[in-house]
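S.K.: Turn this into a model:
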Amino acid sequence: MKKTISIRIGKGSISHNNRKFVAKNVDEKRVKDNVILCCESLKDTYENLFGEALAEYNAKQKRKDRRIENYLEHIENGKQEKPFYELVFQVGNKDDTPCGTSDAEVAAEILQEYYAEFLERNPHIRVFNAVIHLDEATPHLHVDFVPFATGQSRGLATRNSLNKALEQQGFSAKTNLETPAKQWTDFEKQQLANVMRKRGIEWEQLGTHNEHLSVLDFKKQERAKEIAVLSEKAEYAGKLLKHREEMRSQVEEIIDRLDEQFQAKNAQVRQLDEELAETSAALVDNQNLLKENAEKVAQIRAIDSIETGKTVFGGKLTVAKEDYAKLAELAKKQIAAENRERELTAEVARLKKENEAAAERYATLERNARQIYPLKEKLRVAENELGSLRAKFQRVMEFVEKLELTQKLKEFLNPRRGMHR
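M.R.: Next up, the predicted model:
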């Protein structure tokens with residue numbers, strides 16, 4: 001006995017898969033026959049997978065605007081990765097394996113056994129919802145999953161990435177057509193065929209030659225040659241965008257560092273200004289003291305006016321006791337004033353040197369500040385170029401979507417190196 005194998009990309013409608021609503025192609029009487037293999041919310045899955053890595057990433061960010069509050073929303077709003085993926089596995093078709101028959105029961109058992117092996121075989125694929133539908137035309141398995149790569153140096157250490165997850169499982173890009181995702185699905189088809197073979201069912205491979213292709217598949221294959229040129233341009237644009245983003249990040253880090261240095265130096269300048277103000281006040285006090293000392297010197301010089309007389313026994317002068325005490329007191333004050341004047345002179349010289357050094361540091365800060373403006377201008381130019389590239393990239397993606405080749409284009413982009421199976 002032979003049966004076909006189908007692995008296709010699903011729409012990822014969790015509500016439909018879990019029968020939150022019933023579509024027209026569903027037999028409501030057989031909904032109870034569906035087999036629910038896994039049912040976990042996407043929000044909880046992201047928290048379990050990326051919660052710890054997100055906390056570590058945010059702790060390293062000095063700027064709040066670089067932190068990621070919600071990783072699921074971050075992926076949903078981005079353009080690099082999908083929040084989750086869905087694959088639909090089917091054995092046979094509506095003609096040879098219709099639901100409600102013994103063949104359908106065998107097909108359901110094959111899909112259930114295959115699913116258990118799928119989980120063990122794919123350590124970087126986190127399944128959060130899986131169900132086998134037996135209430136439509138043919139039994140089939142919906143598997144909704146989040147791919148994750150570990151040990152990453154950029155961004156989160158553990159992050160959402162289908163290509164990198166598959167690389168860590170040994171699937172690396174060989175050509176634009178032989179992407180990790182294609183190699184993986186081809187490999188999984190073979191594993192599903194192995195489970196079928198255990199039950200005496202051989203894999204009937206269709207679509208391996210051009211004469212077996214549908215008209216649409218043939219057209220897509222022909223257009224793939226045209227897409228190859230576009231994919232190279234898109235890949236180049238993607239790499240250039242990444243380079244621009246890295247350059248922008250580096251410029252922002254330099255600006256942040258210079259800004260921190262400027263703020264620190266500016267604080268030092270303010271402190272020096274305060275010290276200089278205190279010094280100016282001290283100089284005013286010193287001037288007042290010098291004026292007072294000058295008055296005292298004048299008083300000392302006025303001593304010449306003190307009346308004196310000669311002693312009987314010699315030529316020595318005599319003064320009154322009261323005048324002598326006054327003279328001695330003035331002399332002491334003059335000596336103290338001269339000592340204080342020398343101290344103040346030395347202090348003024350020291351403060352003058354510090355003021356000159358502060359002026360030099362302030363000039364250095366001004367030069368550093370002037371270096372920031374060219375960097376900001378370069379950042380502005382880089383942002384303009386980045387916007388232009390994004391617009392071009394968007395036009396390419398719109399063209400690809402019109403051709404209904406979005407998935408194949410995604411497979412062309414970002415080839416990865418890794419292990420081979």
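
S.K.: Over to the closest residue to residue 149 other than its chain neighbours. Which of the three states is it?
M.R.: Nearest residue to residue 149 in three dimensions, chain neighbours excluded: residue 164, at 3.5 Å (Cβ to Cβ, 6 or more residues apart in numbering). From N, CA and C alone the C-beta is placed, and that goes for glycine too. Following DSSP: H, G, I helix; E, B strand; the rest coil, we place residue 164 in the helix state.

S.K.: burial measure for residue 164, as a count.
M.R.: Residue 164 sits with 22 neighbouring residues when counted by other Cβ atoms under 10 Å.

S.K.: what does residue 356 give?
M.R.: Residue 356: 9 neighbours (other Cβ under 10 Å).

S.K.: repeat for residue 160
M.R.: The burial count for residue 160: 27, using other Cβ under 10 Å.

S.K.: What of residue 140?
M.R.: Using other Cβ under 10 Å: residue 140 sits among 23 other residues.

S.K.: And it, how far from residue 34?
M.R.: Distance of residue 140 to residue 34, computed by Cβ to Cβ, to the nearest Å: 11 Å.

S.K.: who touches both of these two?
M.R.: The contact sets of residue 140 and residue 34 overlap at 132-133 (Cβ atoms under 8 Å, 6 or more residues apart in numbering).

S.K.: For residue 127, give me the backbone phi and psi.
M.R.: Phi and psi for residue 127, reported as degrees, to the nearest 10, are phi -80, psi 130.

S.K.: and the closest residue to it other than its chain neighbours, bridged to which residues?
M.R.: Distances taken as Cβ to Cβ, 6+ apart place residue 145 nearest to residue 127, at 4.6 Å, with adjacent residues excluded. Note on residue 145: beta-bridge partners by DSSP bridges are residue 85, residue 127.

S.K.: and residue 145, how many neighbours does it have?
M.R.: 23.

S.K.: so it touches residue 85, yeah?
M.R.: Yes: contact status for residue 145 versus residue 85: in contact at 5.9 Å, counting by Cβ atoms under 8 Å.

S.K.: all strands for the protein, in order.
M.R.: Using DSSP state E, the strands of the chain run over residues 2-3, 5-9, 35-39, 85-91, 125-133, 140-149, 159-160, 202-203, 309-310, 317-318.

S.K.: Just the C-alphas of the longest one, formatted as CSV.
M.R.: The C-alpha coordinates for strand 140-149 follow below in CSV (Å, rounded to 0.1, in the frame of the first residue of the first chain):
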residue,chain,number,x,y,z
HIS,A,140,-4.0,15.7,9.7
LEU,A,141,-1.8,17.0,12.5
HIS,A,142,-1.4,20.8,13.3
VAL,A,143,1.9,21.6,15.1
ASP,A,144,2.3,25.2,16.3
PHE,A,145,5.8,26.0,17.7
VAL,A,146,8.3,28.6,18.6
PRO,A,147,11.9,28.1,17.4
PHE,A,148,14.6,29.2,19.7
ALA,A,149,18.4,29.5,19.5
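
S.K.: which strands and helices sit next to it?
M.R.: helix 14-17, helix 42-59, strand 85-91, helix 102-121, strand 125-133, strand 159-160, helix 162-168 (3 or more Cβ pairs under 8 Å, 6 or more residues apart in numbering; DSSP states H and E).

S.K.: tell me the mean pLDDT for it?
M.R.: For strand 140-149, mean pLDDT rounds to 97.

S.K.: Now do it against helix 102-121: the angle between them, please.
M.R.: Following axes from the mean of the first three to the mean of the last three Cα atoms, to 10 degrees, one obtains 10 degrees for the angle between strand 140-149 and helix 102-121.

S.K.: Good, wrapping up.
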